[in-house]
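Asks: Predicted coordinates and the sequence they were generated for:
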Amino acid sequence: MGERPNHMSPEEFRQAGYQAVDWVADYMARLGDLPVKSSAHPGDVRAMLPAEAPKHGEDFSEVLADLGRVILPGITHWQAPGFFAYFSANASGPSALADLVSSGLGAQGMMWDTGPAVTELEQHVLDWLAVEMDLPEKFRGNGVIQDSASSSTLCAVLAARHRAGGINALPNLVAYASEQAHSSVEKGLRVAGIPADRMRPIATTPDYAMRADHLAYEIVKDKNDGLTPFFVAATVGTTATTGIDPVTEVAWVASNFDAWTHVDAAFAGTAALCPEMRFLNAGLETADSYVFNPHKWLLTSFDCSAFYVADRASLTEALSIAPEYLRNPASESGTVVDYRDWQVPLGRRFRALKLWFVLRHYGLEGLRAHIRRHLAWARELTEWVESDHRFELAAPTVVSLVCFRHKDGNKATSRILEAVNQSGRAYLTSTALGGQIILRVAIGSPQTERHHIEDLWNLIQSVA
């Protein structure tokens, strides 16, 4: 029979687990001392790995040692206090522990029957969020956790396509999104069979919000050409500037032509947990679907994207396939939710456990305090930018993203970006608006404190 598989016994797992948790805890403790952005060059990590996979099992301590030697130098530290790039990808102790428990359980929640607790906990925590974020009543009971906002948008496109006539309608279908919409909209349309020339980019206002009048013009033009407007993507918090599309006006235009309105609030939506930020929900009562990502700003490790639909039938009818081997009495009764019908893959992990742990550890007020600190620091940084004659804001500060540029132009702005990122103390990304390079400071890391924002601003000023 040859060598036996070296399965860990419960006691061996316990001892290895202690080592792994200690490693992660030590990592968390020294995050502020590590260079934020990895300096690895292409091929560096692979060069430290053996050419062939091990033939025999190794001691766990050896594997753990290589985390520091091989892996850590190739990691950009998204949880570091000086990480201000892209949008945050929050992780937290409770969320990490939930992932450990989820992996240990090894549950597969494709249907209620394969894991009743997996399904019902997901329904429940998503309803908790819908209530506490004051989402429209129609979204309650109609939530599902996807792996990302990109997958959520794809599912919205597929549901809209189904409602518009399905695959047979493809030749005539047209979609619309702001010029500032996330690239996942175009990708989702492409996957759904909608070619690039059937996606209409809609002009924006000076604040980078979709112009509802231009949307109406494009839809009427397409209708007159015999085409079928079927999908409109509105954004609450664009990637470049956190611009806010006028959802009420956009959805009104879309509804007049029976087009589906999907609202992407991947990053900014979390802020609506705070009552004073509920303006971000304006118009949602007229939307067909909505997504925000707890894995961005709600202290829940990737992947966890909360997707809500007003009418689940279009989604499940578009995605449901029921071969004989998946049939069971619970599903046939129609009294349970089978989340396999709410997503593209069949299988699904126990993601809701992370939300449950996070909500119970922090509580609603703790999560609101986390968000409010970042909102306040973003406002303060905005004031610092406005008071320095060398800089100018590039867009309004809506949540915790501050966008600005050096008045001397792109070379000066790029010089600042390069200097900050090479310093190891912080990491920024840029965007381009009207030919101008713009610095983005996205505040959201759970380890960031006010003095880290001040340190960043002092660094920017020193190299300006």
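Replies: The structure has been received and is ready for your questions.

Asks: And the strands in the stretch 301-450 of the chain?
Replies: Taking DSSP state E, counting those that start in this stretch to define them, one finds strands in the stretch 301-450 of the chain at 305-309, 391-393, 401-406, 429-433, 436-442.

Asks: orientation of the helix of greatest length in the chain relative to strand 436-442 in degrees?
Replies: Across the chain, the helix with the greatest residue count (assigned by DSSP state H) is helix 352-387. Inter-element angle recorded for helix 352-387 and strand 436-442: 130 degrees (by axes from the mean of the first three to the mean of the last three Cα atoms, to 10 degrees).

Asks: Which positions within helix 352-387 qualify as buried?
Replies: Residues of helix 352-387 classed as buried by neighbour count (16 or more other Cβ atoms under 10 Å): 352-359, 361-362, 367-368, 370-372, 374-375, 377-378, 380-382, 384-385. To be clear about C-beta, it is placed using only N, CA and C from the backbone, and glycine gets the same treatment.

Asks: Could you give the average pLDDT over it?
Replies: Helix 352-387 shows an average pLDDT of 96 in the prediction.

Asks: Ok, stretch 187-199 next?
Replies: If you average the pLDDT over stretch 187-199, you get 92.

Asks: where's residue 143 relative to residue 342, distance?
Replies: Using Cβ to Cβ, to the nearest Å, residue 143 is found at 9 Å from residue 342.

Asks: Need the overlap of contacts for these two.
Replies: Contact with both residue 143 and residue 342 is made by residues residue 307, according to Cβ atoms under 8 Å, 6 or more residues apart in numbering.

Asks: hmm, back to that, out of the strands of the stretch 301-450 of the chain, the one nearest residue 109 is which?
Replies: Closest to residue 109 of the strands of the stretch 301-450 of the chain, according to Cβ to Cβ: strand 305-309, at 15.4 Å.

Asks: tell me, what residue is most central in the protein?
Replies: By Cα atoms, centre = their mean, the mean C-alpha position of the chain lies nearest to residue 293, the distance being 4.2 Å.

Asks: show me the residues around that residue that make contact.
Replies: Under the criterion of Cβ under 8 Å, 6+ apart, the neighbours of residue 293 are 148-149, 266-267, 269-270, 304-306.

Asks: TSV for the residues you listed, including distance to residue 462 and pLDDT?
Replies: Shown next, in TSV, are those (distance: Cβ to Cβ, whole Å; pLDDT from 0 to 100):
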residue	distance to residue 462	pLDDT
148	37	93
149	36	91
266	33	94
267	29	95
269	35	96
270	33	97
304	38	95
305	39	96
306	41	97
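
Asks: pull the helix or strand with minimum mean pLDDT from the chain.
Replies: Of all the helices and strands that make up the chain, helix 329-333 has the lowest average by mean pLDDT, DSSP states H and E, namely a mean of 85.

Asks: Outside of that helix itself, list whatever touches it.
Replies: By Cβ under 8 Å, 6+ apart, the list of residues contacting helix 329-333 from outside reads 111-113, 322, 336, 338.

Asks: Dump the residues you listed to a markdown table, plus neighbour count, pLDDT and distance to residue 213.
Replies: Shown next, in a markdown table, are those (neighbours: other Cβ atoms under 10 Å; pLDDT from 0 to 100; distance: Cβ to Cβ, whole Å):
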| residue | neighbour count | pLDDT | distance to residue 213 |
| --- | --- | --- | --- |
| 111 | 23 | 90 | 46 |
| 112 | 22 | 87 | 46 |
| 113 | 16 | 89 | 50 |
| 322 | 12 | 83 | 45 |
| 336 | 17 | 89 | 45 |
| 338 | 20 | 89 | 42 |
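
Asks: any chance of these in TSV, plus distance to residue 83?
Replies: As requested, the contacts of helix 329-333 are arranged in TSV below (distance: Cβ to Cβ, whole Å):
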residue	distance to residue 83
111	38
112	39
113	42
322	44
336	41
338	38
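
Asks: what's the closest of the residues you listed to residue 241?
Replies: If you rank those by distance to residue 241 using Cβ to Cβ, residue 338 comes first, at 39.4 Å.

Asks: List the buried residues of stretch 196-214.
Replies: The neighbour-count criterion (16+ other Cβ under 10 Å) identifies 198-200, 202, 204, 208-212, 214 as the buried residues of stretch 196-214.

Asks: In strands, which of those residues appear?
Replies: 199-200, 202 (DSSP state E).

Asks: how about a markdown table for the residues you listed, with distance to residue 95 added?
Replies: Rendered in a markdown table, the data for these read as follows (distance: Cβ to Cβ, whole Å):
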| residue | distance to residue 95 |
| --- | --- |
| 199 | 35 |
| 200 | 39 |
| 202 | 36 |
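
Asks: Of these, just say which sits nearest to residue 118.
Replies: Within these, distances to residue 118 taken as Cβ to Cβ reach their minimum at residue 199, with 35.6 Å.
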